[in-house]
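Novice: Okay, here's the prediction I keep looking at, along with the sequence it came from:
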Amino acid sequence: MAKGTCICFFSLFLLLGSRVMSQDTVMVPLHVRTGFDLSGPVMHLISKNLASYGVLASVDINQNLSVNAGARYTSFSSAVYNYSFQSHGTSFVIGPDYNYIKPKVGLGRYFAGFGFRYGLSFYSQEATGIKYTNSWGEGVSSFPLSHHIGHFLEFTPGVRAELFRGVTIGWNLYLRVLVSSGAGHDLKPVWMPGYGDATSGIATGAEYYVSFSIPYKKIRVIIKPKPVSTDEDNEEGVENPSTTPSSVMGGRL
């Protein structure tokens, strides 16, 4: 009985092993990444009215899917002929990224795909010296400092590549849809931190990231299953016993 059980398990092991060996696979490392946005400091050099500093972290779930979370501090000020406006605050985003590059090509080092984020903006705003003109003449008004919570959605196609081991560079385009500024219809912010120009329902732009990555796990990914021969294929490859050379010769005789 024990001998028969051992033979059964040994046969099952050989069967499973043959099926694994019949498939082409590749080992793909999964990473934990953290990085910072270069575009914010560069834009601050161009425009002193806007300061934006962002960080982003991600964890690979499998060869195609990762989960991302980011935080950004933004300060904005604007002074034109008829008003003066200031806002500042911190925003947070979270959501998945999907990589379209095949595992055999990407190998955990390259990304080309898109992401989807949900964003929250905790910010303060105020407007001083608002000048207006109506039928009674000119006047001056202001909005005192107020605190709000805004909501937005973000769609981010982009690419990423490993510059050298542990260091990745890449860029994202973004399209943001304003869900709510949290300030009411009459107090829409000129600039909502994390979103952009909140007088418009859609904001677009680009971000450039440098990231540092650490592999935490390797997974085996099937890239090309090989066909396994079936009993029918084996039967087709065997000659029909009724048509052996001796039977043919006997027919001729």
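Specialist: Happy to help now that I have it.
Novice: neighbouring contacts of the host helix or strand of Ser75?
Specialist: Secondary-structure element containing Ser75, defined by DSSP states H and E: strand 65-79. Residues outside strand 65-79 that contact it (C-beta atoms under 8 Å, 6 or more residues apart in numbering): 37, 40, 49-61, 84-99, 115, 117, 123, 190-191, 193-194. All C-beta atoms are positioned from the backbone trio N, CA, C, and that covers glycine.
Novice: part of a helix, is Val32?
Specialist: No. Under DSSP: H, G, I helix; E, B strand; the rest coil, Val32 falls outside any helix and is assigned strand.
Novice: to the chain's geometric centre, what's the distance from stretch 207-227?
Specialist: 13 Å (C-alpha atoms, centre = their mean, to the nearest Å).
Novice: Now for the most centrally placed residue in the chain: which residues touch it?
Specialist: The structure's the chain has its C-alpha centroid closest to Asp97; by C-alpha atoms, centre = their mean the separation is 2.0 Å. Applying C-beta under 8 Å, 6+ apart, we find Asp97 in contact with 58, 65-68, 111, 113-115, 156.
Novice: change it to 7 Å
Specialist: By C-beta atoms under 7 Å, 6 or more residues apart in numbering, Asp97 lies in contact with 58, 66, 68, 113, 115.
Novice: Excluding chain neighbours, what is closest to it?
Specialist: In this structure, Asp97 finds its nearest non-sequential neighbour in Gly115, 4.0 Å apart by C-beta to C-beta, 6 or more residues apart in numbering.
Novice: Show the model's pLDDT score for that neighbour.
Specialist: If you check Gly115, the pLDDT there is 97.
Novice: Does it lie in a helix or a strand, and which?
Specialist: Per DSSP H and E: strand 110-134 holds Gly115.
Novice: Adjacent strands (with direction) for that strand?
Specialist: Paired neighbours of strand 110-134 in the sheet (DSSP bridges): strand 84-99 (antiparallel), strand 137-164 (antiparallel).
Novice: Any buried residues in the last one, and which?
Specialist: This points to strand 137-164. Residues of strand 137-164 classed as buried: 148, 150, 152-156, 158, 160, 162 (neighbour count, 16 or more other C-beta atoms under 10 Å).
Novice: Pick the one among those closest to Leu45.
Specialist: When the buried residues of strand 137-164 are ranked by distance to Leu45 (C-beta to C-beta), Gly158 comes first, at 22.9 Å.
Novice: Tell me how many other residues crowd the residue lying closest to the closest one once chain neighbours are set aside.
Specialist: Spatial nearest neighbour of Gly158, chain neighbours left out: Asn172 (3.5 Å); criterion: C-beta to C-beta, 6+ apart. Neighbour count for Asn172, taken as other C-beta atoms under 10 Å: 23.
Novice: secondary structure class for Asn172?
Specialist: strand.
Novice: Give me the sheet partners of the strand holding Ser75 and which way each runs.
Specialist: In the sheet, strand 65-79 lines up against strand 50-60 (antiparallel), strand 84-99 (antiparallel) (DSSP bridges).
Novice: Enumerate the positions of that strand that are buried.
Specialist: Neighbour-count burial for strand 65-79, counted by 16+ other C-beta under 10 Å, picks out 66, 68, 70, 72-76.
Novice: pLDDT averaged over stretch 86-94, what's the number?
Specialist: Confidence over stretch 86-94, taken as the mean pLDDT, stands at 97.
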